[in-house]
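Undergrad: Generate a structure from the sequence data that follows.
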Amino acid sequence: AHKGVREAYVAGRWHKANLYEMDLLQPGHEVIGPAIIEHPATTLVVHPQDRVFVDEWTLLHYSHA
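TA: Next comes the predicted model:
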């Protein structure tokens with residue numbers, strides 16, 4: 001699911017953000033920000049120290065630090 005790294009302006013400064021393909025995330029995956037999760041229909045920006053967890057139904061749960 002990891003596609004690389006991109007510079008992204010998040011929370012008032014530039015960060016190296018990991019890129020992920022949403023459709024390739026599997027149950028149990030956890031993404032820690034800064035990160036960008038891409039999908040043809042949307043983009044999810046995960047702020048530094050926040051996290052996204054993929055549950056058993058492949059639903060994404062965003063948790064703010």
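
Undergrad: so how far is stretch 41-55 from its chain's centroid?
TA: In terms of CA atoms, centre = their mean, to the nearest Å, the centre of stretch 41-55 is found 4 Å from the chain centre.

Undergrad: end-to-end on it?
TA: End-to-end distance of stretch 41-55 (CA to CA, to the nearest Å): 20 Å.

Undergrad: Could you tell me which residues within it count as buried?
TA: 46-47, 50-52, 54 (16 or more other CB atoms under 10 Å). The C-beta positions use only the backbone N, C-alpha and C, and glycine is treated the same way.

Undergrad: TSV for these, including secondary structure and pLDDT?
TA: Listed next are these as TSV, based on DSSP: H, G, I helix; E, B strand; the rest coil; pLDDT from 0 to 100:
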residue	secondary structure	pLDDT
Val46	strand	97
His47	coil	97
Asp50	coil	98
Arg51	strand	98
Val52	strand	98
Val54	strand	98
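
Undergrad: Helices of the chain, residue ranges please.
TA: Counting by DSSP state H, no segments of the chain form helices.

Undergrad: Residue most distant from the centroid, it?
TA: Gly12 (17.9 Å; CA atoms, centre = their mean).

Undergrad: Strands along this protein, start to end?
TA: 2-10, 13-21, 30-32, 35-39, 42-46, 51-54, 60-63 (DSSP state E).

Undergrad: show me what contacts the closest residue to Ala8 other than its chain neighbours?
TA: Once flanking residues are discounted, Ala8 sits nearest to Ala17: 4.0 Å by CB to CB, 6 or more residues apart in numbering. Taking CB atoms under 8 Å, 6 or more residues apart in numbering, we find Ala17 in contact with 5-8, 10, 33-36, 45-46.

Undergrad: of these, closest to Leu25?
TA: Lowest distance from Leu25 to the contacts of Ala17 (CB to CB) belongs to Ala35, with 11.1 Å.

Undergrad: circling back to that earlier point, in ChimeraX, how would I select the buried members of the contacts of Ala17?
TA: Buried residues among these (16+ other CB under 10 Å), as a ChimeraX selection:
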select :8,10,33,34,35,36,46
